[in-house]
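Mind folding the following:
(one chain, ligands or ions: 1)
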Amino acid sequence: MLIKPGNSQIKRQLDIGEFGIHSGSNRTIYHIFDLFRNLFPDNIMVATFNLVETKLVSESDNSSEARNNSITSITRKFNSVFALDTMLVGKSETNVLGMLCISIIFALVVKQMGDRAQPVIDLFNILNNVVMRFVKVIMWCSPIGIFSLIGKQAIQMDDPGVTLRSLGLYCATVSVGLFTHSCLVQAVSYFVLARSNPFKFFRGIFQAYITALGTASSAATLPITSRCLEENNGIERKISRFVLPIGVTVNMNGTALYLAAATIFIAQVNEVPLGALEIVAVSLMATLAAIGTAGLPGGALATISMVVSALGLPIDDTTLIAKVDWLLDHQRTAVNILGDGFCAGILNNMNRRAAAQASPRS
Ligand code: ASP
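Here you go, the predicted structure:
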């Protein structure tokens, strides 16, 4: 927010539609309501292509069909306090959050069923492998796609300097943020909680760090992270094998930071002022979206719409940052890996200290 890389001129330069927003804290409250509504979709099939959104009646077509009676009593109460009129409408977009929530519940039930549910687990493992293969093929084609996108936009721009300056500043902002986070938050947390030297720890995990920088996939880096932690940093196998798979799935510091920065950038491009409530909403959503992000190259591009739409910003604008995403993807993946490593290190040292205290003095 201090650097303010978002420049509203770049929307005019790039071929992205105008956006009529009705910002304000009331609207943000509705986005938070929608967030919880979408968390528990009525129908899992519908959730794959539709999500629920509250619209202020003044900004909608006000048709009798759209103005259904489905608003909840809490929304109705809120409306009466703020003298607003709203309705719930379906939006043709994937309800990522709802699907994530149902998947977690589904997985818990499958796990509880034990061996009887093994065929279901096998089926999903195979489906996962199939999707991974698809992603690999698409990743091989992505440089051509990105080059074509940038080429097309560059030809159409009147003043490419403004766009390049703004996007350059945005990349620099995210890079500085990631670097600061690694040095100040992660390393200091490790120093305080593990009472150990973070630089020495970093040296041990360096190979995994470089691999994450190269592959932009924390999932692909997982075996190397595991080996570095166990062989170089002396982390107990049971701890690394417990922390890393969870960390790779849900602990994505770099991605969360990136998602928040990208959303604030889009808000600046649209000249939407962000107050304290919006910042809290962005932080909350970025953290949730990072949990839902796959540890794959460009994984955050699939979940950024969750954060952007939570603020009522135009999802189309994510194409602005998609052009430079590959550059930042490598950096945030390395920070994700570092976060997992430091967590395992902290847990290992705590465990060691607890064991030393528990054992009888000789
Ligand atoms: N590439 C990241 C990872 O694998 C995910 C993302 O932020 O896109 O951790």
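
any idea whether residue 4 is helix, strand or coil?
Classification of residue 4 by DSSP: H, G, I helix; E, B strand; the rest coil places it in coil.

can you start the count at 28 instead of 1 from here on
Sure, I'll start counting at 28 from here, so that last one is residue 31.

Spatially nearest residue to the residue of the stretch 128-277 of the chain found nearest the ligand, not counting backbone neighbours?
Nearest residue of the stretch 128-277 of the chain to the ligand (Cβ to the nearest ligand atom) works out as residue 245 at 3.5 Å. Any C-beta I mention is one placed from the backbone N, CA and C, and that applies to glycine too. What sits nearest to residue 245 in space, not counting adjacent residues and going by Cβ to Cβ, 6 or more residues apart in numbering, is residue 322, at 3.8 Å.

quick one: the one you found from residue 259, how far?
With distances taken as Cβ to Cβ, to the nearest Å, residue 322 is found 21 Å from residue 259.

Tell me which of those two has more neighbours.
Per other Cβ atoms under 10 Å, whichever of residue 322 and residue 259 has more neighbours is residue 322, with 23 against 16.

in a helix, that's where the more buried one is, yeah?
No - in this structure, residue 322 is coil, not part of a helix, as judged by three-state DSSP.

of all the residues in the chain, which ones are close to the ligand?
Proximity of the chain to the ligand (Cβ under 6 Å from any ligand atom) is limited to residues 243-245, 279, 282, 320, 322-327, 356, 359-360, 363.

on that earlier part again, wait, doesn't the residue of the stretch 128-277 of the chain closest to the ligand sit right on residue 359?
No - using Cβ atoms under 8 Å, residue 245 makes no contact with residue 359, being 9.5 Å away.

Give me the next element, helix or strand, following the strand or helix carrying residue 189.
Secondary structure assigned from DSSP states H and E places residue 189 in helix 187-207. Sequence-wise, the next helix or strand downstream of helix 187-207 (DSSP H and E) is helix 214-221.

Name the surrounding residues that touch whichever helix or strand comes after that next one.
With elements assigned by DSSP H and E, the helix or strand that comes after helix 214-221 is helix 225-242. For helix 225-242, the surrounding residues in contact (Cβ atoms under 8 Å, 6 or more residues apart in numbering) are 213-215, 217-218, 221, 245, 247-248, 251-252, 254-256, 259-260, 324, 357-358, 360-361, 363-365, 368-369, 372.

and helix 225-242, which residues are buried?
225, 228-229, 231-232, 234-236, 238-240, 242 (16 or more other Cβ atoms under 10 Å).

repeat for stretch 192-205
193-194, 196-198, 200-201, 204-205.

same check, this time on stretch 293-303
293-297, 299, 301.

which pair in those spans the largest distance?
296 and 301 (12.4 Å; Cβ to Cβ).

Ramachandran angles for residue 117?
phi -90, psi 140 (degrees, to the nearest 10).

which residues touch the residue lying closest to it once chain neighbours are set aside?
Spatial nearest neighbour of residue 117, chain neighbours left out: residue 77 (4.8 Å); criterion: Cβ to Cβ, 6+ apart. The neighbours of residue 77, taking Cβ under 8 Å, 6+ apart as the test, are 117-120, 122.

Then residue 137?
Residue 137 neighbours (Cβ under 8 Å, 6+ apart): 144, 147-148.

does the residue most central in space within the chain count as helix, strand or coil?
Geometric centre of the chain, nearest residue: residue 317, 3.0 Å, by Cα atoms, centre = their mean. Assigned state for residue 317: helix (three-state reduction, three-state DSSP).
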